[in-house]
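Enquirer: Sequence first, predicted coordinates after that:
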Amino acid sequence: MTAPRAPGTSPAFDDAEGIEAVRIAREAIEFGLPRSGTRVRVPSVGRAPPTFDAPRGVFVTLREASSGELRGCIGYPLPLLPLRVALPQAALGAATEDPRFPPVKHSDLGALTIEVSLLTSPELLEAEEPRSVEGKIRIGIDGLIVEQGEATGLLLPQVAPEQGWDANRFLEGVCTKAGLRPTAWRETGTRLYRFQCAVFSEERPGGPVRRTLG
């Protein structure tokens with residue numbers, strides 16, 4: 001995956017659109033999870049705001065409502081698909097394809113909250129000295145993508161404040177996520193990108209949705 005060079009822009013989604021995105025994600029999981037004798041199926045999105053017709057990077061994150069622990073996270077970092085297509089696919093992917101967790105069952109949904117992150121286009125971080133990249137990263141605002149050869153990794157903006165990381169630790173974390181050495185971001189041939197998100201999260205499973213970032 002090679003990210004585009006276009007600069008990131010502010011996530012242009014209002015609260016009503018964010019609430020709709022979370023509704024679509026939950027509905028996709030509820031209707032798409034396999035039942036007895038069926039397979040996973042991605043439902044098509046019916047009604048949705050016009051902004052959902054435009055290509056948009058998106059991630060869907062599932063968490064245990066009781067503890068906030070991660071239960072699944074899958075998405076598309078680049079704006080290659082219309083949001084109305086990418087969003088239900090990411091939602092079902094988070095529920096069934098994250099290799100770190102067993103697939104979600106229908107009986108699990110009442111204990112899981114859904115979070116949708118709507119991404120800007122990634123922006124290549126260029127600096128004369130690798131260490132000066134740290135000064136360009138805004139903790140709690142920027143997410144990171146790292147590429148080196150075939151290896152690639154991504155961390156959403158909310159990860160750094162959740163973990164108490166500074167810019168250096170965030171850079172090390174995204175390299176580790178890609179299966180690289182923690183200091184690989186300083187090496188020649190490594191590409192770093194930043195992006196921003198509008199993030200909308202359920203307060204409780206199937207409950208009210210609020211903007212938590214962006």
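Expert: Now that the structure is in, tell me what you want to look at. Numbers count the residues shown, from 1 in each chain.
Enquirer: The spatially most central residue of the chain sits in which helix or strand?
Expert: For the chain, the residue nearest the mean C-alpha position is residue 59 (2.9 Å; Cα atoms, centre = their mean). Secondary structure from DSSP states H and E places residue 59 in strand 57-64.
Enquirer: Render the CA-only coordinates of that strand in PDB, please.
Expert: Extracted in PDB, the C-alpha atoms of strand 57-64 (Å, rounded to 0.1, in the frame of the first residue of the first chain):
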ATOM      1  CA  GLY A  57     -10.900   6.000   4.500                       C
ATOM      2  CA  VAL A  58     -12.700   4.400   7.500                       C
ATOM      3  CA  PHE A  59     -12.000   2.200  10.400                       C
ATOM      4  CA  VAL A  60     -14.500   0.400  12.700                       C
ATOM      5  CA  THR A  61     -13.500  -0.400  16.200                       C
ATOM      6  CA  LEU A  62     -15.400  -2.800  18.600                       C
ATOM      7  CA  ARG A  63     -14.800  -2.600  22.300                       C
ATOM      8  CA  GLU A  64     -16.100  -4.500  25.400                       C
END
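Enquirer: What helices and strands are in contact with that strand?
Expert: strand 70-76, helix 83-96, strand 112-119 (3 or more Cβ pairs under 8 Å, 6 or more residues apart in numbering; DSSP states H and E). The C-beta positions use only the backbone N, C-alpha and C, and glycine is treated the same way.
Enquirer: okay, the ones you listed in TSV with distance to residue 51, mean pLDDT and mean neighbour count next?
Expert: Formatted as TSV, these follow (distance: least, Cβ to Cβ, whole Å; pLDDT from 0 to 100; neighbours: other Cβ atoms under 10 Å):
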stretch	distance to residue 51	mean pLDDT	mean neighbour count
strand 70-76	16	97	21
helix 83-96	7	96	24
strand 112-119	9	97	26
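Enquirer: who are the neighbours in contact with residue 100?
Expert: Residue 100 is in contact with 70, 72, counting by Cβ atoms under 8 Å, 6 or more residues apart in numbering.
Enquirer: Distance check, it against residue 117.
Expert: Look at residue 100 and residue 117: by Cβ to Cβ, to the nearest Å, they are 18 Å apart.
Enquirer: again with residue 16
Expert: Taking Cβ to Cβ, one finds residue 16 at 17 Å from residue 117.
Enquirer: Kindly report the domain assignment for the protein.
Expert: Domain segmentation of the chain under automatic domain parsing yields 15-120+197-213, 123-195.
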